[in-house]
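# just coords:
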């Protein structure tokens, strides 16, 4: 199977992990305040104490599975862009692999936070809450609470695709808007809204680039 085909499926998997994540956010995790600055740490740890597997599953899909698929997509996109914009292709590969590394790191820390909180909660709830809050802050710093790395990669890929006419105007235009939303998460006042826009835009963009790699002819 060609790398472009594998990369196309990887893009669709990335989109699916975002859809899965949003579905959990607006259902099971909504009462806990996940995805907002008003997250209730005590409620989260009580939830972990009762259902640790739920958050392990969520973290594993939105972070670890996403990062593994993303790494494949990054390499496939680099190959796609290299023919027309070799310099930009190398830049996108660097930024993309950085993002994938941060995402998988955030996922591993998030799962350790759940495991340790689940262990401590029956013995010392306050200590479990403190530990979870601390590790959750590290998780957010790596990528769960901002989308800088993702915004830069998607933006650079889309710009390179536009300059080299490698990805199509719709995919590139959507990517530039999504990338801009990711960068806006750096500004606290725009954080929550920009993060939601980035997430929804990324779903559509991952589908678009996945289909582009699957359906467009290439010699790679």
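Okay, I see it. It should be emphasised that the depicted structure is a prediction, and the values quoted were computed from it without experimental measurement.
# what's the first helix or strand after whichever helix in the chain runs longest?
Assignment by DSSP state H gives helix 86-120 as the longest helix of the chain. Sequence-wise, the next helix or strand downstream of helix 86-120 (DSSP states H and E) is helix 125-139.
# so residue 196, which state does it fall into?
Under the three-state scheme (DSSP: H, G, I helix; E, B strand; the rest coil), residue 196 adopts helix.
# roughly how far does it sit from residue 202?
11 Å (C-beta to C-beta, to the nearest Å). Backbone N, C-alpha and C define where each C-beta goes, glycine included.
# before we move on, what about residue 29?
For residue 29, the distance to residue 202 (C-beta to C-beta) stands at 19 Å.
# who has more neighbours, these two?
Just comparing residue 29 and residue 202: by other C-beta atoms under 10 Å the higher neighbour count belongs to residue 202, 23 against 19.
# surely residue 45 and residue 135 touch.
No - applying C-beta atoms under 8 Å, one finds residue 45 not in contact with residue 135, separated by 11.5 Å.
# the two: which is more packed in?
The neighbour comparison of residue 45 against residue 135 (other C-beta under 10 Å) goes to residue 45, with 26 against 18.
# how close does the more buried one sit to residue 133?
Residue 45 is 9 Å from residue 133, by C-beta to C-beta.
# got the angle between the one helix or strand residue 79 maps to and helix 86-120?
Per DSSP H and E: residue 79 is located in helix 66-82. When axes from the mean of the first three to the mean of the last three C-alpha atoms, to 10 degrees is applied, the directions of helix 66-82 and helix 86-120 differ by 180 degrees.
# what values do phi and psi take at residue 187?
phi -90, psi 120 (degrees, to the nearest 10).
# so what does the helix or strand that contains residue 57 touch, helix or strand wise?
Taking DSSP H and E as the definition, residue 57 sits inside helix 52-59. With contacts taken as 3 or more C-beta pairs under 8 Å, 6 or more residues apart in numbering; DSSP states H and E, helix 52-59 sits against helix 3-25, helix 41-50, helix 86-120.
# who are the contact partners of residue 41?
Going by C-beta atoms under 8 Å, 6 or more residues apart in numbering, residue 41 touches 129, 132-133, 136.
# out of these, which end up buried?
129, 132-133, 136 (16 or more other C-beta atoms under 10 Å).
# export those to TSV and tack on distance to residue 206 and pLDDT?
Shown next, in TSV, are those (distance: C-beta to C-beta, whole Å; pLDDT from 0 to 100):
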residue	distance to residue 206	pLDDT
129	35	94
132	30	92
133	31	92
136	25	91
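# which one of the residues you listed is nearest residue 58?
Of all these, residue 58 sits closest to residue 136, with 13.1 Å by C-beta to C-beta.
# not counting its neighbours along the chain, what's nearest that closest one?
Leaving aside its sequence neighbours, residue 136 sits nearest to residue 113 (C-beta to C-beta, 6 or more residues apart in numbering; 5.8 Å).
# would you agree the one you found is in contact with residue 140?
No - counting by C-beta under 8 Å, residue 113 stays clear of residue 140, with 10.9 Å between them.
# more crowded one of those two?
residue 113 (25 against 15).
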